[in-house]
Each structure stands twice: as structure tokens, then as C-alpha cells.
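**Q** I would like to see how this sequence folds:
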Amino acid sequence: MKYASLIRVVALTVAFGGAASHAQAQNGTAAPADGEDRVLATVNGDEIRRSDVEGVLETLPPQVRSMPPQMIMPMVLDQVISGKVIAQQAYSQNLQDDPEVKEALARAEERIVQNLYLNREVERRLTPERIDEAYQAWRTENPPQPEVEARHILVASEEEARKVIERIKGGEDFAEVAREVSTDRAAAAQGGDLGYFTRDQMVEPFAEAAFAMEPGNLTEDPVQTQFGWHVIEVTGKREATPPALDEVRPELENSLREEIVMEVVDALRADADIERMDEAGTPAEAPAPQDGGEAPAQQ
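**A** Residues are numbered from 1 along each chain as shown. This is a model prediction of the structure:
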């Protein structure tokens, strides 16, 4: 993206979304890295501090934030100044008392209160015990998969593959033959070693042959895949080690958060006196409930 386009992104983002986004960003904005929240500009006596500019910067698209600070910070400051002069002019006309503003503020307050309530309920109910319970359920639903450890030699034709089998059965070292003739050069550098893998990590003909073999076995016949002809030796079998709780915690917590939100909303709706009206203002039949009811988006 050209710099001129980036400047336009900055200008439009700040001008049309910056004020609300900035207010939200400041609530969670850390202090400047050097600990000094310097005044970067004044507009008719009102100060604009570094934290104000950084708060707006956090709301901008990643391609803008990735620009060098010495380039992006002056651009953002200039737009914050523009926003400040607009706001000052609006306040001078008492637009903060306009019914349109009050209505928008009321809607914003309701959304903020909704999200704050849901966030607090989620944090209260997302206990270590519930996470551990979800983890045990996850392990039951995702049992360890069998794994095979194998090495292979890949060549272009069946004839070449059969010659490789004869050489290995004749006493030649598998790893040395792999380094010499295998066209899978990455594996060849490791003596053909592929390490441990699950069935779904390999193409079907290869996986079928490898999982049917026992450790120490060499394929009697070469195995053909779209990559060529394989000579396979299985060196080990085991069950995959289940991931630790910390490895799947983010996934589990995200799922539990959604589950808890639905619980909260369902309970509140069950206790509420809800009456729907049609367009004419007369009582209307409620639609069939969807799974989890209707929950406001959680931020």
C-alpha cells in the first residue's frame, strides 16, 4: 500500500471511528514504554498527550501500525488535532446536549453494560474446576491416535524400488541406500527417517502399508503414491501422547466462554416476562428458539 493510501486510512479511521475507538482503547492502554506521558500538542489550551495518540494508533489497521513510528506518529497526531478542533467546535454549540447525542450515548451505554455484565459472569464461572472438566471431556472425545515411526526410500519406478529392496535384504544399510538414491532429499539426509506420524499425516497408500506393518519389517513390495514408489521400513509404533492442558487451554476457554454466555442468557430469558409484538403492535407468537437463544455479542 502506498504511503498516500495509508495516510488516507489513518485520516478516515480517526475522523469517522477514532473518537469512540479511542475511548475504548484508552481503557486498556498501557502507559508509554518510557513511563512518560508527554504533551505532544495543545489545541486552544487543551492538551493532547502521547497516550492519546497511542490510543488511536492501537485502533488502526495492522498495515498502518507496522509503519515506522517516526512516520506514523506525526500522521496520527495530526489527525488527533483535527478531531480535537472538531470536538471543540461541537461543544461550543452544545451538541453534547443534542437529543441525537443522548440517544447514541444511551445505546452505547447499554452495549457497554451488557458486555461488562457478561464478562464478569464469564470470569466468575470460568473456574479451574470447569476448565479441568472440559479438558477431561476433550480427551475422551479425542482419544490418542496410534502413530508409526518409519523410514522410506522414494524412487521414480517400480523397477528401481525392487532393486532397492534387494540391496537392503542383501545386507546393505537402509540409511546409506536412502542417502544414495532416494528422491526425497529432505528425508534422505536423515537416512530416510520420517519420525513418528499419524495415519492422516500421510497419503493413503503409504499410511495403509505402514500401519499394517510391524516394527522391523521392510515392505515386500514397493508402495506407489502420486510421489513415486516407496520402500518402507517400520521402526516403531506407539500411541500419541495427549496434549497437556496448557496446549489446549485457549481452545477450551474460548468454547467455555461461549457456553457460559449462552447459559447466562438462557437463564435471564427464562426469568423475564417477554412479550413480542408484530408490526401492527398486537401480540405475536414467538419464533422457535435457536440453540442458545439470542445473546448479545461479547467483546
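**Q** any idea which helix or strand comes after the least confident helix or strand in the chain by mean pLDDT?
**A** Taking mean pLDDT, DSSP states H and E as the measure, the chain has helix 19-27 as its least confident helix or strand, at a mean of 43. Following helix 19-27 in sequence order, the next helix or strand is strand 39-43 (DSSP states H and E).
**Q** and that following strand, how far out from the chain middle?
**A** 38 Å (C-alpha atoms, centre = their mean, to the nearest Å).
**Q** parallel or antiparallel, list what pairs with the next helix or strand after it.
**A** Next in sequence after strand 39-43, counting helices and strands by DSSP H and E, comes strand 46-49. Sheet pairing of strand 46-49 (DSSP bridges) gives strand 39-43 (antiparallel).
**Q** buried residues in the strand it pairs with, which are they?
**A** Neighbour counts over strand 39-43 (16 or more other C-beta atoms under 10 Å) mark residue 40 as buried. Placement of C-beta: from N, CA and C, glycine included.
**Q** one more: stretch 211-222?
**A** Neighbour-count burial for stretch 211-222 flags 211, 213, 219, 222 (criterion: 16+ other C-beta under 10 Å).
**Q** quick check: which element contains the first one?
**A** Per DSSP H and E: residue 211 is located in helix 204-212.
**Q** give the buried residues for that helix.
**A** Quick answer for helix 204-212 (16+ other C-beta under 10 Å): 206-207, 209-211.
**Q** also stretch 78-89?
**A** For stretch 78-89, the neighbour count (16+ other C-beta under 10 Å) marks 78-81, 83-84 as buried.
**Q** where in the stretch 101-250 of the chain is pLDDT low?
**A** The stretch 101-250 of the chain contains no residues with pLDDT under 70.
**Q** and residue 49, how many neighbours does it have?
**A** A count of nearby residues for residue 49, using other C-beta atoms under 10 Å, gives 16.
**Q** ok, now how distant is it from residue 88?
**A** According to C-beta to C-beta, to the nearest Å, residue 49 and residue 88 sit 16 Å apart.
**Q** and the helix or strand that residue 121 is a member of, what other elements does it pack with?
**A** Using DSSP H and E, residue 121 sits in helix 99-125. Judged by 3 or more C-beta pairs under 8 Å, 6 or more residues apart in numbering; DSSP states H and E, helix 99-125 is in contact with helix 245-271.
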